[in-house]
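Q: Need coordinates for the below:
(one chain, ligands or ions: 1)
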Amino acid sequence: MRMGKRRSAVVIISRGFPGISLFLVRSTDLSRPLGAAQRLGLAGLVGYFLGMPSDCYACRLTDGTEPLPGGRIYATKSWVVEHCTGPLGVGTLIVKPFRHCLHVGDLTAEEAQEIGPLLQRISQAVRAVTQADQVYVCAWSHMGWQPVHIYFVVQPAWNCWREAYDHPGPFVQAAMFQAANAPPRAEVQEVCREVKRLLEQSA
Ligand SMILES: [Zn+2]
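A: Below you'll find the predicted structure:
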């Protein structure tokens, strides 16, 4: 992990509301201003320092303005790993670039080099923690017929699902979205702890 020697500072941001002034305190990494600019983009960086939430849900989860059960699980220089907040079940993780990027074809060489080994490692951890028979890895990022922040879904799957679903793979995912069951928070936190522990052990 590259967290150890970071210099960080507290940034106080004032947000005005009629009759009330709310101060948000955020910790940011001043040792890597270019990295932050690269990750957030110019508009994101300005918005960050003005305390304006991004209009991208994936970015808001990453910058902490949206609740994220289980917290951040892991990060490389360019990618971050979180538990899925959608209805794809406990143990389904999201791997996405820090940078607001809409197309896999637009990844930088560095981002592209990191993603292969990272997906292998995260898939291995998901399988180990959940005892899954298979781990699905897919990327859609086409919300409401609009390209959105790219993310890979890393989802545990079990052969016993044959009792519950007619077909495996995307058919299971479609059924899960139809059912719209949010994963239980306590179970999400537990699986995130386990995956983190496993990744730290194998670091
Ligand atoms: Zn984004």
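
Q: right, and the helix or strand after the longest helix anywhere in the chain?
A: Assignment by DSSP state H gives helix 109-130 as the longest helix of the chain. Downstream of helix 109-130, the next assigned helix or strand under DSSP states H and E is strand 134-138.

Q: which strands and helices sit next to that next one?
A: Strand 134-138 sits against helix 109-130, strand 152-157, helix 170-179, with contacts defined as 3 or more C-beta pairs under 8 Å, 6 or more residues apart in numbering; DSSP states H and E. For glycine as for every other residue, the C-beta is placed from the backbone atoms N, C-alpha and C.

Q: go again using 6 Å as the cut-off
A: helix 109-130, strand 152-157 (3 or more C-beta pairs under 6 Å, 6 or more residues apart in numbering; DSSP states H and E).

Q: Please indicate which of these has the most neighbours on average?
A: strand 152-157 (a mean of 22; mean count of other C-beta atoms under 10 Å).

Q: Need the contact partners of that strand.
A: With contacts defined as C-beta atoms under 6 Å, 6 or more residues apart in numbering, strand 152-157 is touched by 88, 91-93, 95, 122-123, 126, 130, 132, 134-139.

Q: Can you point out the buried residues in stretch 64-84?
A: Using 16 or more other C-beta atoms under 10 Å as the test for burial, stretch 64-84 gives 65, 68-70, 73-76, 78-84.

Q: where's the most centrally placed residue in the chain, which helix or strand?
A: In the chain, the residue lying closest to the centroid (C-alpha atoms, centre = their mean) is E82, at 3.7 Å. Secondary structure from DSSP H and E places E82 in strand 79-83.

Q: helix or strand right after that strand?
A: Following strand 79-83 in sequence, per DSSP H and E, is strand 93-97.

Q: Distance from the chain centre to that following strand, please.
A: Relative to its parent chain, strand 93-97 has a centroid offset of 4 Å by C-alpha atoms, centre = their mean, to the nearest Å.

Q: Name whatever forms a beta bridge with the residue nearest to the centre of the chain.
A: I94 (DSSP bridges).

Q: Correct me if wrong: it contacts T92.
A: No. Judged on C-beta atoms under 6 Å, E82 makes no contact with T92 at a distance of 10.4 Å.

Q: count of residues packed around the spatially closest residue to P147 that is not a sequence neighbour?
A: Distance criterion C-beta to C-beta, 6 or more residues apart in numbering; nearest residue to P147, sequence neighbours excluded, is L102 at 4.3 Å. Other residues lying near L102 total 14 when counted by other C-beta atoms under 10 Å.

Q: Roughly how far does L102 sit from the ion?
A: L102 sits 8 Å away from the ion, going by C-beta to the ion, to the nearest Å.

Q: Tell me, please, where in this protein the pLDDT is lower than the cut-off.
A: 1-53 (pLDDT under 70).

Q: let's see 50
A: Along the chain, segments meeting pLDDT under 50 span 1-36.
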